[in-house]
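In: sequence and predicted structure below; questions after.
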Amino acid sequence: MANEQNRTLQALQIATQMEIDGEEYYLKASQESSNELGKKLLQSLATEEDTHRQKFQEIYDAIRSKKAWPVTGFQPDRGKRLSLMPYKQLLAWRVRPVISTRAREKMLRMALRETFIRH
């Protein structure tokens with residue numbers, strides 16, 4: 001049991017560090033991007049990484065102190081949130097919703113391509 005707990009704690013430490021690295025990468029990329037849509041997308045991704053880091057840290061702390069898996073409040077939605085995310089983000093950025101889905105996807109691809117080609 002202790003060996004399994006140690007492996008779990010080690011995995012959580014690695015996951016936490018990956019989230020920290022991801023957040024730093026997205027923030028740096030957003031600062032270097034000249035595309036406003038790309039900047040906002042990258043900043044949003046950085047925020048998500050920090051949220052993940054916080055949750056991993058909560059789980060790590062609970063396992064370490066209580067020797068048990070904490071209640072996380074996670075409610076799986078089978079990817080429904082992800083499939084709507086680009087549309088919701090575009091609306092939040094005040095991109096006109098009359099633009100077709102294909103045009104929105106093309107705009108996002110262009111913003112990401114311009115942002116990541118520089119790296």
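Out: Right, received. Where do you want to start?

In: give the buried residues for the helix or strand hosting Leu41.
Out: Per DSSP states H and E, Leu41 falls inside helix 36-66. Residues 37-46, 49, 52-53, 55-56, 59-60, 63 are the ones in helix 36-66 that count as buried (16 or more other C-beta atoms under 10 Å). Using the backbone N, CA and C atoms, a C-beta is placed for each residue, glycine as well.

In: quick one: mean pLDDT for it?
Out: Taken as a whole, helix 36-66 carries a mean pLDDT of 89.

In: stretch 12-30 too?
Out: On average, stretch 12-30 scores 92.

In: how about the helices in the chain?
Out: Counting by DSSP state H, the segments of the chain that form helices are 2-32, 36-66, 80-92, 101-117.

In: residue contacts, the residue lying closest to Gly22 once chain neighbours are set aside?
Out: Closest residue to Gly22 apart from its sequence neighbours, by C-beta to C-beta, 6 or more residues apart in numbering: Glu49 at 4.2 Å. Glu49 is in contact with 19-20, 22-23, 26, counting by C-beta atoms under 8 Å, 6 or more residues apart in numbering.

In: how about a cut-off of 7 Å?
Out: Residues counted as contacts of Glu49 (C-beta atoms under 7 Å, 6 or more residues apart in numbering) are 19, 22-23, 26.

In: please report how far it lies from Tyr25.
Out: Using C-beta to C-beta, to the nearest Å, we find Glu49 at a distance of 9 Å from Tyr25.

In: so Glu23 is in contact with Thr51, correct?
Out: No - contact criterion C-beta atoms under 7 Å: Glu23 and Thr51 do not qualify, at 9.5 Å.
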